[in-house]
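Visitor: sequence? don't have it. structure:
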């Protein structure tokens, strides 16, 4: 009993790498503070928030508030005239 050899898979830092799941790996990346993990996190956040912003802002722009109000008044008058 006392002379049995225990085998464990450890890395150079001493942490066990056996049975580590997705969540454990993600927590390691999130809380490690390594420069490459921080940069990857910033890139992921930039893509997550940047993609919708880019897709929403590529349409036609109103030149001014006055132009917008004129279009809105025209659409409102057409809608009201067709309702009668």
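Guide: Good, I have the coordinates. This structure is a prediction, so every number in the text was calculated from the model and none was measured.

Visitor: mind listing what's buried in the longest helix anywhere in the chain?
Guide: Ranked by residue count, the top helix of the chain under DSSP state H comes out as helix 35-56. The neighbour-count check on helix 35-56 (16 or more other Cβ atoms under 10 Å) flags nothing as buried. Where C-beta positions appear, they are placed from N, C-alpha and C, glycine not excepted.

Visitor: show me what the helix or strand that it is followed by is packed up against.
Guide: Downstream of helix 35-56, the first helix or strand assigned by DSSP states H and E is helix 65-83. If you count contacts as 3 or more Cβ pairs under 8 Å, 6 or more residues apart in numbering; DSSP states H and E, helix 65-83 packs onto no helix or strand.

Visitor: just give me how far helix 65-83 sits from the chain centre.
Guide: Averaging C-alpha positions (Cα atoms, centre = their mean, to the nearest Å) puts helix 65-83 38 Å from its chain's average.

Visitor: check stretch 28-44 too.
Guide: Centroid separation between stretch 28-44 and its chain, computed with Cα atoms, centre = their mean, is 14 Å.
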